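In: below is the sequence, then the predicted model.
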Amino acid sequence: MGVSTVSRVLNNYSTKIKVSERTRQKIFDVVKELDYMPNIHAKRLSQNKSMVIGLEVPSSAPGYVHAFADTPLIETMRGIEEAISKTPYRLLLSFKNKQYIDSREYLQLFRESGIDGLIVWGCQCADNYDKALFDYPVVFANTYPDTPKEINFIGHDNFNASRKQTQDLIDQGCKKFIYLSGPLINSISIELRNGFLQALQEAGIAFDETRDFEGDFCYLSGFELMNQIITEGTLDFDAVVTANTKMAAGVFDAAQHHHRQCPADFALVGGRGSAVENNSQIPFFEANCLTMGRLAIEKLQQLIDKEVPEKFKILIDTSNIEVKNAKHMSSDPVL
């Protein structure tokens, strides 16, 4: 039995030379008897791969103490774990901050053969990545930067989800809207806001900057903005649209603090959310981040293996949750 035969079996190489099942079993029996462990460094050199995939996440995120307080990130990592466990790759986690971007650590990881591919999760629009990065196997997930070059991206159809959610409110008779966005340094916030504005424009409903407020995706942001709006008392409204369910929960509680009820006094929808974190009947649309994580690994592996010749953009459909009941939801307080 030759060395090349043993190598083909242990590394699961596919060649024109067939190895019988009997020979394979003999090899596996000897490996077990000798308690053989392959030299991972030698294997990497022979394959010219590190067998490591990088995952870049923010060291902190607007509205959160830490990025791992972000349910979409946790759900994405669940999908990544499920997908990568079916491959020979390992995962290297990097935390992105200004120093990481400015020093171009992401390029160093590639150039020193520390990683074969990279998933960038949760970047901001203004993140200034070196253009050389886009020549490597890289997938941006959830958000994307402002860049003149095409990138590989997997995310959600936030624009059309927000547009449809707003259209549903218009169909229910709402005409006087207030919008609470997430931070507009984030591509999701921009897409959600643009979808909302598009629905109003198509319905011929006037909207101006006095009704447009920027928050930061968190409960306190929604509470404080709604408290300000009701306290000042200058705006007449019959619907409030927020960027996500956490902000909507803050709006709901602030309204109750002022003895205003949803939906008796105004309709409220929660924008983008997750069934995992939403414990109220505030309508929202759900982003499937689990699927996004799985797809990110699958598509990145194809990029590494040079099976994807062109740049791709994948937008996962969202699921509307109780949007039609925006004016008939429970008035129980959100905790």
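Out: Sure, I can see it.

In: mind listing the helices in the stretch 201-335 of the chain by residue range?
Out: Under the criterion DSSP state H, counting those that start in this stretch, helices of the stretch 201-335 of the chain are mapped to 219-232, 245-257, 289-304.

In: need the pLDDT of Glu112.
Out: In this model, Glu112 is scored at 92, pLDDT.

In: roughly how far apart are it and Gln25?
Out: Relative to Gln25, Glu112 is positioned 40 Å away (CB to CB, to the nearest Å). Where C-beta positions appear, they are placed from N, C-alpha and C, glycine not excepted.

In: what of Phe213?
Out: Per CB to CB, Phe213 is found 68 Å from Gln25.

In: which residue ranges form the strands in the stretch 51-200 of the chain?
Out: For the stretch 51-200 of the chain, the strands defined by DSSP state E, counting those that start in this stretch cover 52-58, 90-96, 117-121, 138-141, 153-156, 177-181.

In: with distance to Ala287, mean pLDDT and mean neighbour count as extra columns, can I get the ones you listed in a markdown table?
Out: Formatted as a markdown table, the strands of the stretch 51-200 of the chain follow (distance: least, CB to CB, whole Å; pLDDT from 0 to 100; neighbours: other CB atoms under 10 Å):
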| stretch | distance to Ala287 | mean pLDDT | mean neighbour count |
| --- | --- | --- | --- |
| strand 52-58 | 17 | 95 | 22 |
| strand 90-96 | 21 | 94 | 15 |
| strand 117-121 | 13 | 97 | 26 |
| strand 138-141 | 11 | 97 | 26 |
| strand 153-156 | 5 | 96 | 23 |
| strand 177-181 | 16 | 98 | 24 |
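
In: can you redo those as CSV with distance to Asp29?
Out: Below are the strands of the stretch 51-200 of the chain laid out as CSV (distance: least, CB to CB, whole Å):
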stretch, distance to Asp29
strand 52-58, 31
strand 90-96, 28
strand 117-121, 36
strand 138-141, 41
strand 153-156, 43
strand 177-181, 63
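
In: out of these, nearest to Gly233?
Out: The minimum distance between Gly233 and the strands of the stretch 51-200 of the chain falls on strand 177-181, with 12.9 Å, by CB to CB.

In: what pairs with that closest one, parallel or antiparallel?
Out: strand 212-214 (parallel), strand 239-242 (parallel) (DSSP bridges).

In: in CSV, list these along with distance to Arg90.
Out: Listed next are the strands paired with strand 177-181 as CSV, based on distance: least, CB to CB, whole Å:
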stretch, distance to Arg90
strand 212-214, 40
strand 239-242, 39
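
In: need the winner for burial among those strands.
Out: Burial of the strands paired with strand 177-181 is given as mean neighbour count (mean count of other CB atoms under 10 Å); strand 239-242 ranks first at a mean of 28.

In: convert that strand to CSV, retaining C-alpha atoms only.
Out: The C-alpha coordinates for strand 239-242 follow below in CSV (Å, rounded to 0.1, in the frame of the first residue of the first chain):
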residue,chain,number,x,y,z
ALA,A,239,-49.0,56.5,13.6
VAL,A,240,-45.4,56.0,14.8
VAL,A,241,-43.0,53.8,12.8
THR,A,242,-39.7,52.8,14.5
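
In: how far out from the middle of the chain is that strand?
Out: How far strand 239-242 lies from its chain's middle: 23 Å, per CA atoms, centre = their mean, to the nearest Å.

In: need the residues that contact it.
Out: 162, 165-166, 169, 174-180, 196, 215, 222, 226, 248, 251, 266-271, 326 (CB atoms under 8 Å, 6 or more residues apart in numbering).

In: how much space is there between the nearest residue to Cys174 once chain neighbours are set aside and Cys123?
Out: Closest residue to Cys174 apart from its sequence neighbours, by CB to CB, 6 or more residues apart in numbering: Ala239 at 3.8 Å. As judged by CB to CB, Ala239 and Cys123 stand 32 Å apart.

In: now swap in Pro283 and tell me
Out: Distance of Pro283 to Cys123, computed by CB to CB: 29 Å.

In: so for the two, which residue has more residues nearby?
Out: More neighbours surround Pro283 than the other of Pro283 and Cys123, with 28 against 23 (other CB atoms under 10 Å).

In: is it true that that one touches Arg272?
Out: No. With contact defined as CB atoms under 8 Å, Pro283 does not reach Arg272; the gap is 11.6 Å.

In: between the helices of the stretch 201-335 of the chain, which gets nearest to Ile80?
Out: Nearest to Ile80, of all these, is helix 289-304, at 4.1 Å by CB to CB.

In: what's the angle from the closest one to strand 52-58?
Out: In terms of direction (axes from the mean of the first three to the mean of the last three CA atoms, to 10 degrees), helix 289-304 departs from strand 52-58 by 130 degrees.

In: for this protein, which helix or strand comes out least confident on mean pLDDT?
Out: Least confident element among the helices and strands of the chain, by mean pLDDT, DSSP states H and E: helix 40-47 (a mean of 48).

In: Ile151 is in contact with Lys131, correct?
Out: No. With contact defined as CB under 8 Å, Lys131 does not count as touching Ile151 (10.7 Å).
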